[in-house]
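Engineer: my questions are about this predicted structure, shown below with the sequence.
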Amino acid sequence: MRAVVKGISNDIFDVEAYCPQNPDNFALSIRVRIGLDCTQGADDFELLICTPRWLEETVWDARWGSGLLIVRDFDFPIINRMINDFVSCCEGESWDAIVKQLRKTFSWEFDNYQC
């Protein structure tokens, strides 16, 4: 089984048409819908995309970098390709095995889920 990106979105605007006011100083939260190449379903994974300048000006305390993609400036085709390239390398015998790989980079919608 192999993971594929089924969609990349943001709740407020179209990420493909988005243009930050300052392309080298921004942060953008996106939702990446990822599923198996053999099914229509998908789970949501979150990712914060930002620049080093934004981190320097905004983040005051030490923190972990999970769910974070740092780029020099906003270039959606490059960001899209990076996400798709990473996801397409995630494969395994089960969806659970694939999710373990994805969770190293993305925040999964079921992280900290209590049943």
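Structural biologist: It's in.
Engineer: for the spatially most central residue of the chain, give me its contacts.
Structural biologist: Averaging the C-alpha coordinates of the chain gives a centre point, and the residue nearest to it by CA atoms, centre = their mean is Leu47 (3.4 Å). For Leu47, the contacting residues are Ser29, Ile30, Val32, Gly67, Leu68, Leu69, Ile83, Thr105, Phe106, Ser107, by CB atoms under 8 Å, 6 or more residues apart in numbering. C-betas here are computed from N, CA, C, even on glycine.
Engineer: same question, Val15
Structural biologist: Taking CB under 8 Å, 6+ apart, we find Val15 in contact with Ile8, Ser9, Leu28, Ile30, Phe76.
Engineer: now do 7 Å
Structural biologist: Val15 makes contact with Ile8, Ser9, Ile30, Phe76, according to CB atoms under 7 Å, 6 or more residues apart in numbering.
Engineer: pretty sure the first one is in a strand, no?
Structural biologist: What it means is Ile8. Yes - counting by DSSP: H, G, I helix; E, B strand; the rest coil, Ile8 falls inside a strand.
Engineer: surely it meets Ile30?
Structural biologist: Yes - with contact defined as CB atoms under 7 Å, Ile8 reaches Ile30; the gap is 5.8 Å.
Engineer: from Arg31, how far out is Val4?
Structural biologist: 15 Å (CB to CB, to the nearest Å).
Engineer: so Glu56 belongs to a helix, correct?
Structural biologist: Yes - under three-state DSSP, Glu56 sits within a helix.
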